[in-house]
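>>> sequence and computational prediction follow.
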Amino acid sequence: MIRHSCGVVALFSRKGIVDIASAGTLALRFIQSRGEDAWGYSVLNGKRIKTRKGIGLVRTSSEKGKVGIFHVRYPTTAVKILSKKDAQPSHKGKLAVAHNGNIYNYDEIKKEFEGKYSFKGSADSEAILAILYEQLEKRKTVEEALVGLSKKAKGSYALVGIWGNKLFATKDPWGIRPLVFGWNENFYAFASETVAFQPLNIFNYEEVRPGELYVIDRGRVIKKQILESKKERRCMFEFVYFANPVSFVFGVSVYKVRFALGEKLAKKHPVKADYVVPIPDTARTAAEGFGIASGIPVKEAIVKNRYVGRTFIQPSQEKRVELTKQKYFFLREFIEGKRIVLIDDSIVRGTTLRALIRRLREFGAKEVHLRVTCPPLKGPCYYGVDMKTEEELIAAKKSIEEIKNFLDVDSLAYITIEELKEVLGGNICTGCLNKEYPDK
């Protein structure tokens, strides 16, 4: 299981003062999968910003206002228990900010602002807040402050914020993380994924471009390119793993991408089998594409037990493997004596996947062939995916043949980087695949 850092929603009411927290937390629940350990919001109520934070899943809230920003977060380490101070948004005076991404020179910024700003928790949005607050207090404009941020903060950010009565949103110059602007008669809105717009009946939207600034002030939308756009480097994990399949991210249908990746796997890496079986839930769409392209029937032979905790938060690998036995139900009639093509979105450590494959063998699978919609992961991510070291990545230490033997599968094939680019285009970040990072 790979963990993502967060997701954002931001709303500006076009109908004056409304229960904006209710609308915002409803939208936030539609991107709950991007962060299940902490949540929070900041709402402008009159001239005062009110911030509320919580641990665990988003709770529907009520707070009147005209502007609000909302956030969900995963913890930065697998065993750390978050307190409310570690949640976003970060808020000081007339300024509140929340972002999706990762500021990897956070410690450096924290040291620079020692004595000038009190860092309350572990959220890197506090580094963003400190930089912007210093600039804005010097009577700099939002645009000038964000240009200053780009010179100090290293990493990625899809950022939303409140300053005074204004709502603003922007992206880093590489556009690594998605951020969508949407509108209807009730709201101007921003979100990490378009699925967040569905409960608000927002069907008009456009992707915020790298280095572009949106400011909504007095009901007027101002767009401006404030940073020189670098060569865009979209996070490919948004497509293969993180985003909801009904979403559009970076202006592209997630469902269509995953379906196309499944098709390409079937055409480039064919295998004779009785059934195509997805590992729930992310791999389902790719399995559909593989099944149609190959002519092999798709069977949901593995069903997730939704009442078992997530395997990745367990404190030891032994515990994670044990929990894998409880996490899935198996339909023996589609497994026993059958040749199975197992579809997965990605392989990180491979240990829990090996435990799942062992269960398929125990249920009588004749052959297990594995096809993966993400190329081998060989490098850490600095931009918001919780892969911090090469040591935790099996493909950084083993060849594909060695991984095949470790997992005990009859054959193993990954989508290649070239095949991934054929589906997604060349403007993706491949740092975790080949260590070619946008800003390094």
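Looks like it arrived, so ask away.
>>> residue 159 contacts residue 177, doesn't it?
No - Residue 159 is beyond contact range of residue 177, at 9.2 Å (criterion: CB atoms under 8 Å). Just so you know, the C-beta spots here come from the backbone N, C-alpha and C atoms, and that holds for glycine as well.
>>> spit out the residues that contact these two alike.
101, 171 (CB atoms under 8 Å, 6 or more residues apart in numbering).
>>> show me which of those two is the more surrounded one.
residue 177 (32 against 29; other CB atoms under 10 Å).
>>> who touches the more buried one in this structure?
Counting by CB under 8 Å, 6+ apart, residue 177 has contacts 100, 101, 156, 157, 158, 171, 192, 235, 238, 383, 384.
>>> cool, and residue 415?
261, 264, 265, 268, 372, 373, 374, 375.
>>> from residue 225, how far off is it?
According to CB to CB, to the nearest Å, residue 415 and residue 225 sit 34 Å apart.
>>> coming back round to it: out of the contacts of residue 415, which sit inside helices?
Applying DSSP state H to those, the entries found in helices are 261, 264, 265, 268.
>>> show the buried residues in those.
Buried by 16 or more other CB atoms under 10 Å: 261, 264, 265, out of those.
>>> need the residues you listed in JSON lines (columns: pLDDT).
Listed next are these as JSON lines, based on pLDDT from 0 to 100:
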{"residue": "261", "pLDDT": "98"}
{"residue": "264", "pLDDT": "98"}
{"residue": "265", "pLDDT": "98"}
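>>> which of these lies closest to residue 96?
Checking these against residue 96 by CB to CB gives residue 261 as the nearest, at 38.0 Å.
>>> which non-adjacent residue is nearest the closest one?
residue 373 (4.3 Å; CB to CB, 6 or more residues apart in numbering).
>>> pretty sure that neighbour sits against residue 347.
No - contact criterion CB under 8 Å: residue 373 and residue 347 do not qualify, at 10.5 Å.
>>> these two: which is more packed in?
Per other CB under 10 Å, whichever of residue 373 and residue 347 has more neighbours is residue 373, with 30 against 22.
>>> who does the helix or strand harbouring residue 43 touch, helix- and strand-wise?
Following DSSP states H and E, one finds residue 43 within strand 38-45. Strand 38-45 sits against helix 20-29, strand 48-55, strand 64-65, strand 67-73, strand 95-103, with contacts defined as 3 or more CB pairs under 8 Å, 6 or more residues apart in numbering; DSSP states H and E.
>>> can you pull the domain assignment for this protein?
6-232, 257-434 (automatic domain parsing).
>>> for residue 250, find the nearest of the ones you listed.
Of all the domains of the chain, domain 6-232 sits nearest to residue 250, with 5.5 Å by CB to CB.
>>> can you give me the end-to-end span of that closest one?
21 Å (CA to CA, to the nearest Å).
>>> chain center to that domain: distance?
Chain-centre distance of domain 6-232: 15 Å, with CA atoms, centre = their mean, to the nearest Å.
>>> quickly note the distance from residue 192 to residue 244.
10 Å.
>>> next: residue 185.
25 Å.
>>> so for those two, which sits in the more crowded spot?
residue 244 (21 against 8).
>>> on the three-state scheme, that one is what?
Assigned with DSSP: H, G, I helix; E, B strand; the rest coil, residue 244 falls in the coil class.
>>> now do the same contact list for residue 162.
Contacts of residue 162 by CB under 8 Å, 6+ apart are 42, 44, 49, 67, 68, 69, 94, 95, 96, 97, 168.
>>> which of those residues sits closest to residue 14?
Set against residue 14, the nearest of the contacts of residue 162 by CB to CB is residue 67 (11.2 Å).
>>> circling back to that earlier point, quick one, what contacts the residue nearest to residue 261?
Residues in contact with residue 373 (CB under 8 Å, 6+ apart) are 240, 258, 261, 262, 265, 283, 286, 343, 344, 345, 346, 415.
>>> now with 6 Å?
240, 261, 286, 345, 415 (CB atoms under 6 Å, 6 or more residues apart in numbering).
>>> which of the residues you listed sit farthest apart?
Greatest spacing in those, by CB to CB: 345 and 415 (10.1 Å).
>>> what's the closest of the contacts of residue 162 to residue 397?
Set against residue 397, the nearest of those by CB to CB is residue 97 (38.4 Å).
>>> tell me, how many residues neighbour the closest one?
Neighbour count of residue 97, defined by other CB under 10 Å: 29.
>>> next: residue 128.
27.
>>> same thing with residue 167?
Applying other CB under 10 Å, we find 25 residues neighbouring residue 167.
>>> pull the helix or strand with minimum mean pLDDT from the chain.
helix 317-327 (a mean of 69; mean pLDDT, DSSP states H and E).
>>> what's the first helix or strand after it?
Toward the C-terminus, helix 317-327 is succeeded by strand 328-330 as the next helix or strand (DSSP H and E).
>>> for the very next helix or strand once past that following strand, what is the distance to the chain centroid?
Downstream of strand 328-330, the next assigned helix or strand under DSSP H and E is strand 339-344. Relative to its chain's centre, strand 339-344 lies at 25 Å (CA atoms, centre = their mean).
>>> what mean pLDDT does the helix or strand following strand 339-344 have?
Downstream of strand 339-344, the next assigned helix or strand under DSSP H and E is helix 351-362. If you average the pLDDT over helix 351-362, you get 94.
>>> and if you look at stretch 11-19?
Here the average pLDDT along stretch 11-19 is 97.
>>> list the buried residues for that stretch?
11, 12, 13, 18.
>>> surely the second one is in a strand?
Spelled out, that is residue 12. Yes - in this structure, residue 12 lies within a strand as judged by three-state DSSP.
>>> hmm, residue 188 and it touching each other?
Yes - proximity of residue 12 to residue 188 meets the contact threshold set by CB atoms under 6 Å, at 4.3 Å.
>>> common neighbours of these two, please.
What both residue 12 and residue 188 touch, as defined by CB under 6 Å, 6+ apart, is the set residue 216.
>>> any weak-confidence spans in this protein?
1-5, 75-82, 308-322 (pLDDT under 70).
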